[in-house]
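> Sequence plus the predicted model coming up.
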Amino acid sequence: MRRLCTLLLAAGLVLGATSGASAIDFKAKGQWLMGFAVGQHDLLSRVRDTGRQKQKVDDADKFQAAQRVRLQLDAVASESLSGTVFFEIGTQSWGDNDFGAALGADGNNQVKVKRAYIDWIVPDTPAKVRMGIQGVALPNAAGGSAIMDTDVAGVTVAYQFNENVGLTALWARPLNDNFAADRPGARDHANYLDNMDLFSIMLPLTFEGVKATPWAMYGIIGKNALKSSWDRNQNRWDSPITKDGDLTYSLRPYPALGATNGGIGGTGKSYGSAFWVGLPVKLTLWDPLNIEFDINYGWTEGMGRFNYTNSQGLVRRGSTERQGWLAKALVEYKMDWGVPGVFGWYASGDNGSPKNGSQRMPSVVPMGNFTSYMGDGNYGWMLQDYGLDYAGTWGVGAQIRDMSFVQDLSHTFRVAYWGGTNSKSMVKYMDNAYSWQDGLGGGTGPYLTTKDGLVEFNLVNNYKMYENFDVNLETSYIVNCMDNSTWKKARNGSFEKQDMWKVQATFAYSF
């Protein structure tokens with residue numbers, strides 16, 4: 001009898017487990033990228049360092065072979081409840097031991113969680129909730145988001161009132177508990193006042209031929225949020241470097257505009273404020289004519305000041321306040337063989353005085369996509385990958401996208417001119433010409449004055465070999481129109497410029 005009871009109990013457990021498992025529907029999808037690229041991916045060839053010695057800038061390999069893998073698993077309990085985990089094996093450069101692609105191919109810490117969240121619906125309501133690490137792109141049109149498009153931990157709630165009007169609320173926490181407070185002799189407390197929180201409201205409006213999503217976002221930034229550990233050599237705080245880079249540069253002016261780079265001074269404020277608004281609009285009323293435009297404004301409060309040296313060699317105090325605006329637009333006409341179009345943008349730039357802060361629009365993690373090389377309009381993951389914010393620039397361009405004359409083979413050709421809106425007077429406060437190439441350290445595109453420019457050409461070809469397998473070939477070239485006479489006024493301003501180009505083949509398997 002005891003043996004029979006044991007068998008019945010075991011059978012019950014098996015049946016129970018089977019029943020529970022069958023209630024969950026597991027779905028998998030992902031992407032493999034294999035890429036090969038050759039190019040010259042620096043706008044500068046040489047610069048003079050602080051010792052007045054010429055230093056080679058473009059010293060990276062001209063050829064790169066790499067791969068990237070992303071896998072997403074969805075556990076769907078019902079239409080009202082599901083969970084998602086998204087793994088990524090980041091870009092592995094072939095032969096690089098640090099990225100697990102050298103001989104033997106055993107890498108450490110390569111599999112990373114890109115996203116992990118749950119989706120659920122509030123009972124008896126149309127309110128949808130997403131909680132966890134998720135992809136967040138602020139509403140945008142015509143050239144991608146210039147403010148925020150990334151993965152971040154937070155909570156999103158979406159409510160659809162009717163087929164025309166919805167409402168989405170977001171709370172995100174990009175930074176917290178990264179402050180080490182290890183400055184010698186200071187009374188700082190680790191992880192104190194070091195959180196950054198963002199709160200956003202979006203109002204999606206959809207009518208026949210018209211889509212618009214006005215939105216606003218408010219942020220609070222702790223006085224220690226953009227600090228990590230104390231750098232004893234530089235006598236300043238290091239920044240918490242994230243996968244998306246250093247938020248210090250995109251949120252406030254670069255603190256080392258001159259020789260006296262003692263970092264940003266203290267502040268009596270516990271928290272500083274940040275604010276953004278946007279109005280993206282898409283018009284398809286006159287199909288096949290498509291019109292898109294987007295208007296953005298952003299502001300971050302000054303939190304401490306920094307030293308800079310003026311043209312007379314005198315030390316002055318600069319403000320970390322930053323505010324600016326951006327307008328961009330796209331007009332396209334769909335035809336049987338392709339989609340020709342024109343695009344353009346204009347963003348505010350610095351007025352020539354660090355004393356009153358920066359007039360470039362701040363951003364969190366931008367991802368502009370008007371062009372392929374100086375943006376993210378194609379497979380932007382090798383050699384050059386700016387998270388473009390358009391700040392301090394203006395531009396115009398023309399393109400013909402999705403041209404197709406042979407089945408499964410398409411082409412996109414684009415040409416664009418980039419100009420600057422920053423005052424050329426800003427150059428004399430900068431250490432060297434590096435500032436021009438890397439956007440004052442932000443990696444969000446070059447810092448262009450009103451005397452500078454770039455001309456970019458893209459040709460992207462895509463062949464759909466199989467239903468889930470694409471072969472993509474991109475050829476891009478940037479003509480460097482940097483103004484030598486302007487940038488030689490920077491400290492250690494001697495440099496040699498060069499054009500930038502690349503040819504990239506990507507094999508993409510998606511399922």
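Perfect, I can see it now. Residues are numbered from 1 along each chain as shown.
> residues contacting D287?
For D287, the contact set (C-beta atoms under 8 Å, 6 or more residues apart in numbering) comprises G209, K334. (C-beta placed from N, C-alpha, C; glycine too.)
> Next one: it relative to E208, how far apart?
11 Å (C-beta to C-beta, to the nearest Å).
> just L473 next, same as before
If you go by C-beta to C-beta, the gap between L473 and E208 works out to 39 Å.
> Which one of these two is surrounded by more residues?
L473 (14 against 7; other C-beta atoms under 10 Å).
> my guess is that one meets K502, correct?
No - the pair L473 and K502 fails to qualify as a contact (C-beta atoms under 8 Å) at a distance of 11.3 Å.
> helices and strands of the protein: which one has the lowest mean pLDDT?
Using mean pLDDT, DSSP states H and E, helix 2-22 stands out as the lowest-scoring helix or strand of the chain, at a mean of 41.
> Could you give me the buried positions within the helix or strand following that helix?
Downstream of helix 2-22, the first helix or strand assigned by DSSP states H and E is strand 25-40. By neighbour count on 16 or more other C-beta atoms under 10 Å, the buried set for strand 25-40 is W32, L33, G35, A37, V38, G39, Q40.
> Output the contacting helices and strands for strand 25-40.
Where contact means 3 or more C-beta pairs under 8 Å, 6 or more residues apart in numbering; DSSP states H and E, strand 25-40 is packed against strand 63-78, strand 500-510.
> Could I have the CA atoms of the last one written out in PDB?
Right, strand 500-510. This file holds the C-alpha atoms of strand 500-510, laid out as PDB (Å, rounded to 0.1, in the frame of the first residue of the first chain):
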ATOM      1  CA  MET A 500      37.000  59.100 -43.200                       C
ATOM      2  CA  TRP A 501      35.700  56.000 -45.100                       C
ATOM      3  CA  LYS A 502      34.700  52.400 -44.700                       C
ATOM      4  CA  VAL A 503      33.500  49.400 -46.700                       C
ATOM      5  CA  GLN A 504      31.500  47.000 -44.600                       C
ATOM      6  CA  ALA A 505      29.900  43.600 -45.400                       C
ATOM      7  CA  THR A 506      27.400  42.200 -42.800                       C
ATOM      8  CA  PHE A 507      25.800  38.800 -42.900                       C
ATOM      9  CA  ALA A 508      22.600  38.800 -40.800                       C
ATOM     10  CA  TYR A 509      20.600  35.800 -39.800                       C
ATOM     11  CA  SER A 510      17.400  36.800 -37.900                       C
END
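> Partner strands of it, with direction?
Its sheet considered, strand 500-510 pairs with strand 25-40 (antiparallel), strand 469-480 (antiparallel) by DSSP bridges.
> Show residues contacting that strand.
With contacts defined as C-beta under 8 Å, 6+ apart, strand 500-510 is touched by 29-43, 373, 379, 382-384, 468-478, 480.
> Repeat the analysis, applying 6 Å as the threshold.
31-41, 43, 379, 382-383, 468-478 (C-beta atoms under 6 Å, 6 or more residues apart in numbering).
> just the first one next, same as before
With C-beta under 6 Å, 6+ apart as the test, strand 63-78 has contacts from 24-38, 82-89, 91-94, 382.
> Point out where this structure drops to low pLDDT.
Low-confidence regions of the chain, defined by pLDDT under 70, span residues 1-22, 48-53, 98-110, 254-262, 311, 383-386, 493.
> now with 90?
1-23, 40-62, 89-112, 182-188, 229-268, 304-318, 352-356, 372-388, 427-446, 484-497 (pLDDT under 90).
> S353: which of the strands paired with strand 500-510 is closest?
Evaluated over those, closeness to S353 peaks at strand 469-480, with 27.4 Å, by C-beta to C-beta.
> could you point out which element follows the closest one?
Per DSSP H and E, the first helix or strand lying C-terminal to strand 469-480 is helix 484-487.
> Can you list the strands that the next helix or strand after that following helix pairs with?
Following helix 484-487 in sequence order, the next helix or strand is strand 495-497 (DSSP H and E). Within its sheet, strand 495-497 is paired with strand 44-48 (antiparallel), according to DSSP bridges.
> Now the partner strand: buried residues?
Under 16+ other C-beta under 10 Å, the buried positions of strand 44-48 are L44, S45, R46, V47, R48.
> got it, and stretch 60-68?
Q64, A65, A66, Q67, R68.
> what does stretch 234-247 give?
R236, W237, D238, S239, P240, D244, G245, D246, L247.
> now what about that stretch, what contacts it?
With C-beta under 6 Å, 6+ apart, stretch 234-247 has contacts from T150, N178, L226, K227, S228, S229, D231, T248, G262, G263, V365, G443.
> and that stretch, how far apart are its ends?
Start-to-end span of stretch 234-247 (C-alpha to C-alpha, to the nearest Å) is 19 Å.
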